[in-house]
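Asker: A structural model of the following input is requested.
(chains A and B)
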Amino acid sequence: MSKKNKSNNKKDTSQNGNDGAPQISRRGFINKGCAIAGGAAALAGALSPLKNIDPDSLPSVEELFQKHYKEMSKEDMAVALERIRKDVNKRYKGVDAKVADVKPLNGVEFVYALNLSRCIGCRRCVHACVEENNQSRSPEIQYIRVLEMPLGTTSMEEGNHHYEPQNVPRDGRYYMPVQCHQCKDAPCVNVCPIKATWQDEDGIVVIDYDWCIGCRYCEAACPYWARRFNFTQPKIAPEQVNPDMTFLSNRPRQKGVMEKCHFCLQRTRRGKMPACLEVCPTGSRKFGNVLDPDSEVSAILKTKRIFVLKEDLGTIPRFFYYYDERHPRNNRMEGEA
Amino acid sequence: MLFTAKVNGTIRAGKHDEIVMNHGMNAECINCHAIENRNLLALRFGKTTTFDNVDQLCAKCHGPTFRDWQQGTHGKTLGHWNHNKASSHKLTCTECHDPHAPAFGTLKPLPHPTTLRMGDQSEHLDSHGDEGDRNPLRTWSGISLQDGPSEQKSIAEYQELP
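Answerer: This next block holds a predicted model:
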């Protein structure tokens, strides 16, 4: 019997039966079946996040092929602005946005100054900024962070931004709002792997939201914690959307991009003050063109006692803190009201 | 004190009872209001000026602050950031300070940063039983400096300081 079935010296390992048709053993069938079923289940599991995709978050064809801001021609920009306008109208029902691209003014370099003797830590600047710049409300993104600092230090790490007393200012503390300093030698600009963020001629560090890939290197690099990331799709109530938008500033962002204070360039490049300054009830904030020798900020830099945060890091911020030497808060003796 | 009287510890004008004086050492009406014509303000050496030049009056005693204000380091400037432009508007003294009680009061701070405010955005009570003023989708309320919490204001209205 065994001699008949031995065809040659090679061991016949195929599953061929006596009539030559491929046959599979029961074990083989079960093994292969389990492997195929397991593979199919793994594939389905791997692909399952796809069913949660929000079709709105998928880029359109124009968005996919949009160039970097610096390479866009006027026509490309017009197409992009129209796309954004339509997208805003769809995402926020009834909002008729005016989307523009505002270029820097000639002969202008913006500088911000903040009077620490006057700031009382009321956080109106924080929320005015949120309203003006269409930041996500849920989860809430705030560009400005007001630190409640103990007297005697300007170190940000000593500050507390979760203060919530009934009344501010509190004794024995001063308040230091921190936002993007638009540094001249910005670590965030140096570290971006794809040049999605850069410093414009007027000093403002801007972000091309459509070019940003969301790697968050800039967020790690910023020593002032000025950068914010959209972990989810931003949510804003339609009636709270500010319809006056520009490409590089306050148009609504999407999930996965960075954003930060941009000195309200949709306002300042058109000759208005930033929203944080306008709403400050004590007049602590000063803004202007440092290249103009007559401006308020030039006077402050020339005559007031100013400092910048983390000067030793060499970021060269354009946000200066100063204080009034004769202010009662600085001259109060211990125990006085 | 000539024309004022101390009532229950606060200084009150003999007439004009509604005015509460809280201007430190400056407790006499005639220090600022010209005695012969109270529709004018009293400067030094018998000179007077109108209410349009109230900064000249305040400069009478607050010289260094006035100098800072002229330079732009004290006070608030709205409109254009280039103060040579017509739309630039520097607020005068009394557009921020109540001349009879000029010191700013305290304010209740707006909510601190938190990423926990997700989900249902309707009004709710927080742990103190207060109204849900931690709710970010609710318009922030502008609180004037002298009054307590008031009606909701938009940013544009808030530029009109008390």
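Asker: what's the straight distance from one end of stretch A:254-269 to the other?
Answerer: 24 Å (Cα to Cα, to the nearest Å).
Asker: Tell me the buried residues in that stretch?
Answerer: Residues A:254, A:256-269 are the ones in stretch A:254-269 that count as buried (16 or more other Cβ atoms under 10 Å in any protein chain shown). C-beta: built from backbone N, CA, C; applies to glycine.
Asker: give me the element residue A:106 is part of.
Answerer: Assessed by DSSP states H and E, residue A:106 sits outside every helix and strand.
Asker: Tell me how many other residues surround it.
Answerer: 8 (other Cβ atoms under 10 Å in any protein chain shown).
Asker: How about residue A:146?
Answerer: Residue neighbour count, defined by other Cβ under 10 Å, stands at 28 for residue A:146.
Asker: And residue B:42, by the same measure?
Answerer: Using other Cβ under 10 Å, residue B:42 has 20 neighbouring residues.
Asker: Also residue B:67?
Answerer: Around residue B:67 there are 13 residues (other Cβ under 10 Å).
Asker: Next step: the buried residues of stretch A:254-269 restricted to strands.
Answerer: Among these, the members falling in strands (DSSP state E) are A:258, A:259.
Asker: just the buried residues of stretch A:254-269 now: which is nearest residue A:37?
Answerer: residue A:256 (35.0 Å; Cβ to Cβ).
Asker: How about the closest one: what's its closest non-neighbour residue?
Answerer: residue A:214 (3.9 Å; Cβ to Cβ, 6 or more residues apart in numbering or on different chains).
Asker: which residue ranges form the helices in the stretch 201-337 of chain A?
Answerer: For the stretch 201-337 of chain A, the helices defined by DSSP state H, counting those that start in this stretch cover A:217-221, A:265-268, A:275-279, A:296-303, A:328-331.
Asker: and the third one, C-alpha only, in PDB?
Answerer: It stands for helix A:275-279. The C-alpha trace of helix A:275-279 is given here as PDB (Å, rounded to 0.1, in the frame of the first residue of the first chain):
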ATOM      1  CA  ALA A 275      -9.800  94.400  22.200                       C
ATOM      2  CA  CYS A 276      -8.000  93.800  25.400                       C
ATOM      3  CA  LEU A 277      -6.900  97.400  25.600                       C
ATOM      4  CA  GLU A 278     -10.300  98.800  24.800                       C
ATOM      5  CA  VAL A 279     -12.000  96.900  27.600                       C
END
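Asker: ok, it near chain B or not?
Answerer: Yes - Helix A:275-279 lies within reach of chain B by Cβ under 8 Å from any Cβ of the partner chain, at A:275, A:277, A:278, A:279.
Asker: Same list (those) but as JSON lines, adding neighbour count and distance to residue A:27.
Answerer: Converted to JSON lines, these look like this (neighbours: other Cβ atoms under 10 Å in any protein chain shown; distance: Cβ to Cβ, whole Å):
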{"residue": "A:275", "neighbour count": "24", "distance to residue A:27": "73"}
{"residue": "A:277", "neighbour count": "25", "distance to residue A:27": "79"}
{"residue": "A:278", "neighbour count": "23", "distance to residue A:27": "79"}
{"residue": "A:279", "neighbour count": "24", "distance to residue A:27": "77"}
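Asker: Now do residue 96: how many residues are near it, please.
Answerer: This is for chain A. Neighbours of residue A:96 under the rule other Cβ under 10 Å: 9.
Asker: oops, I was thinking of chain B
Answerer: Counted with other Cβ under 10 Å, residue B:96 comes out at 18.
Asker: how about CSV for the helices of the stretch 201-337 of chain A, with mean pLDDT added?
Answerer: Shown next, in CSV, are the helices of the stretch 201-337 of chain A (pLDDT from 0 to 100):
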stretch, mean pLDDT
helix A:217-221, 96
helix A:265-268, 95
helix A:275-279, 95
helix A:296-303, 93
helix A:328-331, 64
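Asker: Ok, which of those helices comes nearest residue A:179?
Answerer: Smallest distance to residue A:179 across the helices of the stretch 201-337 of chain A (Cβ to Cβ): 7.6 Å, for helix A:275-279.
Asker: now for the closest one, which elements pack on it?
Answerer: helix A:124-132, strand A:285-289, helix B:155-158 (3 or more Cβ pairs under 8 Å, 6 or more residues apart in numbering or on different chains; DSSP states H and E).
Asker: Give me the buried positions along stretch A:293-306.
Answerer: Within stretch A:293-306, the residues that count as buried by 16+ other Cβ under 10 Å are A:295, A:296, A:297, A:298, A:299, A:300, A:304.
Asker: same question but for stretch A:144-159, I mixed them up
Answerer: Quick answer for stretch A:144-159 (16+ other Cβ under 10 Å): A:144, A:145, A:146, A:147, A:148, A:149, A:154, A:156, A:159.
Asker: Also stretch A:75-95?
Answerer: A:77, A:80, A:81, A:83, A:84, A:85, A:87, A:88, A:91, A:92, A:95.
Asker: Now the fourth one: phi and psi?
Answerer: When read as degrees, to the nearest 10, the backbone of residue A:83 gives phi -60, psi -40.
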